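Participant: Next input, structure requested:
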Amino acid sequence: MPAGDTMRISILLTMTSLALGTTAYAQDPVALAGAATPTQTTLAAPVAKRPWYESLSIRGYSQVRYNNIAITNEKLVNAQGDKTIGGKNGFSIRRARVILSGDVHEQLSVYLQPDFASSIGEQLSVAILRDWYADVFLTADKTLRVRVGQSKVPFGFENMQSSSNRLALDRADSVNSAVKDERDMGAFVYFAPSEARKRFKHLVSSGLKGSGDYGALALGVFNGQTANALERNRTPHVVARATWPFKFGDQFVECAVGGYFGEFSAKRDKNGKGPYSVTDARAHATLVVYPQPLGFQAEYVVGVGPELRDGVIGSHPLHGGYAQVMYKAGNVIPFVKAQLYDGARKHETNAPPYEAQELEIGVEWQVHAALELVGQYTISQRSSPIKPYATESGQFGRVQLQFNY
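Facilitator: The predicted structure is shown next:
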């Protein structure tokens with residue numbers, strides 16, 4: 001057979017093999033061209049890709065509380081925090097979370113979290129959306145990502161720290177009053193070197209009460225009206241945060257600074273007067289010395305925000321912070337936390353003035369990985385959310401059982 005015909009037959013056989021989904025291999029391309037038929041053919045089985053839904057995991061936690069132990073003042077309440085404080089309330093489900101998360105692509109992960117123990121007005125145990133976002137990874141090592149959807153706003157340490165991981169039963173007013181439910185709709189860029197990401201993970205998995213990986217550097221924009229609420233003006237909030245965990249001797253330490261700026265439109269009734277939107281800006285500083293075994297945690301916030309004064313809602317100064325000392329003795333962690341806040345509740349109707357001073361003494365017992373018990377005694381002084389916003393003082397004991405699944 002002429003050499004040219006041999007070449008054409010060889011090429012034809014190779015193209016046919018590829019069209020049928022097989023791959024022909026020859027020990028040498030030149031030998032293949034000179035032979036009437038390939039001397040060796042290997043059929044490669046197609047690589048099976050896992051369906052995206054098999055990459056998802058499901059987990060969650062629930063918290064059952066009783067806040068009415070040795071209560072001294074039923075009028076002492078916390079309108080933004082645990083609404084079962086005060087009154088004649090008994091047992092309650094504080095949180096009932098189910099989390100669906102996972103990598104659906106090498107460059108995309110999702111995180112979906114509803115809560116079945118939220119409240120709307122007087123109705124408790126209402127299902128509501130907490131998190132619903134995607135992380136788009138911009139680098140192969142996942143050190144740089146963009147988070148889009150409803151998620152936590154990177155402001156403060158305690159706001160970032162999961163309620164399943166926090167020692168005190170409620171977040172401090174000074175930090176938490178910045179972003180109700182800690183979340184909002186927006187887009188956030190997170191950057192963390194590989195070493196920082198390993199440390200963020202270790203500080204949570206080791207039981208040292210870390211905040212999780214929200215980047216060593218964070219920058220983002222968000223609506224500003226907080227979670228599950230539409231934007232009410234055309235000025236989005238801008239937020240930035242920098243944090244770094246490092247070793248100081250044998251102990252982990254973390255320092256952070258950050259802040260946000262925007263316009264906030266407070267809800268109003270017929271008595272609410274003033275401009276539709278006012279300046280809402282805060283800065284914070286954080287120091288955490290992780291409990292190995294003695295630990296310390298403190299944050300302070302300064303800024304301006306909506307507040308009702310003399311019947312007019314305007315932008316007024318605010319400040320506050322907290323300090324906490326804890327000691328990790330195996331699976332038991334006693335703690336003492338003191339906080340103060342002088343500002344307003346911008347999320348409540350007419351943004352009423354608000355002051356809080358509180359001392360919390362408690363202990364957490366990690367019975368095992370799936371069960372945790374907390375006992376806490378609180379000495380508190382807070383402004384009433386009801387006009388004329390009188391100061392109420394009191395004391396009460398609390399217990400919480402948390403189960404993880």
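Participant: Who are the contact partners of the closest residue to residue 404 other than its chain neighbours?
Facilitator: Excluding the flanking residues, the one nearest residue 404 by CB to CB, 6 or more residues apart in numbering is residue 61, at 4.6 Å. Quick note: C-beta positions are derived from backbone N, CA and C, even for glycine. Residues near residue 61 by CB atoms under 8 Å, 6 or more residues apart in numbering: 95, 97, 164, 402-405.
Participant: neighbouring strands for the helix or strand harbouring residue 61, and are they parallel or not?
Facilitator: Assigned by DSSP states H and E, residue 61 belongs to strand 56-69. Here strand 56-69 is paired, per DSSP bridges, with strand 91-105 (antiparallel), strand 391-404 (antiparallel).
Participant: For residue 166, see how far away the residue nearest to residue 404 is.
Facilitator: According to CB to CB, to the nearest Å, residue 61 and residue 166 sit 12 Å apart.
Participant: Equivalent analysis for residue 286, please.
Facilitator: Taken as CB to CB, the span from residue 286 to residue 166 is 14 Å.
Participant: which one of the two has more residues nearby?
Facilitator: Neighbours per residue (other CB atoms under 10 Å) separate residue 286 from residue 166, with residue 286 holding more: 23 against 16.
Participant: Spit out the contact partners of the more buried one.
Facilitator: 156-157, 243, 254-257, 298-299.
Participant: if we go to 10 Å?
Facilitator: 156-158, 160, 175, 211, 241, 243, 254-258, 297-301, 321 (CB atoms under 10 Å, 6 or more residues apart in numbering).
Participant: What subset of these is buried?
Facilitator: Using 16 or more other CB atoms under 10 Å as the burial test, the contacts of residue 286 include 156-158, 160, 175, 211, 241, 243, 254, 256, 258, 297-301, 321 as buried.
Participant: From these, which land in helices?
Facilitator: residue 175 (DSSP state H).
Participant: wait, is residue 347 part of a strand?
Facilitator: No - assigned with DSSP: H, G, I helix; E, B strand; the rest coil, residue 347 falls outside any strand and is coil.
Participant: How much space separates it from residue 215?
Facilitator: 26 Å.
Participant: Over to residue 358?
Facilitator: In terms of CB to CB, residue 358 sits 30 Å off from residue 215.
Participant: With neighbour numbers in mind, choose between those two.
Facilitator: Neighbour totals were compared for residue 358 and residue 215, and residue 215 leads with 23 against 20 (other CB under 10 Å).
Participant: isn't that one right next to residue 196, touching?
Facilitator: Yes - shown here, residue 215 and residue 196 form a contact pair, counting by CB atoms under 10 Å, at 8.2 Å.
Participant: Please enumerate the shared neighbours of these two.
Facilitator: Joint contacts of residue 215 and residue 196 (CB under 10 Å, 6+ apart) are 143, 243.
Participant: follow-up on the earlier one: which of the contacts of residue 61 are buried, as a ChimeraX select command?
Facilitator: The buried subset of the contacts of residue 61, as determined by 16+ other CB under 10 Å, is captured in ChimeraX by this line:
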select :95,97,402
